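> This is a predicted model, with the sequence first.
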Amino acid sequence: MRRHLKRRYSAQTYLIALGSNIRHPLHGLPRGVVGAAIDVLGELGVVRVQSTIIDSAPLGPSSRIYANAALILESELGPDQLLALLKHTERGFGARRGGRWQARVLDLDIVLWGGGIWVSESLGVPHAEFRKRDFVLGPAAEIAPHWRDPVTSLSLRQLFARLTKPRPITR
C-alpha cells in the first residue's frame, strides 16, 4: 500500500495597511477602492479581521485626502511572496502617479509579520515608518491592540497612544 504524505503548510499572519487617494473608474472614491482591495486580498489568504476605513491627511506633496484601513491576513505565502502579490495587486488597480508620497489609487504595505522581523533585498518588516503614522497605527490598534512590535516590544495600542498623546506647548 502506498502512503501519500500530505504536505502541511503553516499559515503566516500579517498586518497589512491599505491606503488610497485617487478615484478608480470601477470602484469609485478612495473608500470604495480600499473596500475592493480588502476583497481582493481575501484571495491571497484569509482576512481574519479588518478595521474601519478612516480618512487621513496626506504626507508629503500630495494634497488629496487618503482613505486608510488595516487588516489581519493569514496566508501560506512567505513575506517576499506576499509582497510581490501585493505589488501586483497595486498595479492591477492602476499605476502609481509620480514617486514617493504622491497620489495613488492603491497602496498596500506589510506592516507586521507574525514571525517577527524579516529583512530581505525587497522587504523589511516591521515597516520602517509605521510607528510614526497615526493613519496606520489607529486602524492597526483597532484590530490588533495587543500585537507587539518586535523592535520596541510595545503593543500597537501603546504605540498609538504614545503617538497621539497631547504634548504640552513649550515656549
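Received it, and whenever you're ready, just let me know what you need.

> Which strands or helices does whichever helix in the chain runs longest pack on?
Within the chain, and with DSSP state H defining each element, the longest helix by residue count is helix 79-93. Secondary-structure packing of helix 79-93 (3 or more C-beta pairs under 8 Å, 6 or more residues apart in numbering; DSSP states H and E): strand 12-20, helix 30-41, strand 107-113. Where C-beta positions appear, they are placed from N, C-alpha and C, glycine not excepted.

> Name the residues of it that are buried.
79, 82, 83, 85, 86, 89, 90, 93 (16 or more other C-beta atoms under 10 Å).

> quick one: that helix to strand 107-113, angle?
160 degrees (axes from the mean of the first three to the mean of the last three C-alpha atoms, to 10 degrees).

> And the helices and strands packed on helix 79-93: which comes nearest residue 56?
strand 12-20 (8.0 Å; C-beta to C-beta).

> Pull up the pairing partners for the closest one, direction included.
Strand 12-20 has the following sheet partners, assigned by DSSP bridges: strand 66-75 (antiparallel), strand 107-113 (antiparallel).

> Kindly compare burial across the helices and strands packed on helix 79-93 and name the winner.
Of the helices and strands packed on helix 79-93, the one with the most neighbours on average (mean count of other C-beta atoms under 10 Å) is strand 12-20, at a mean of 24.
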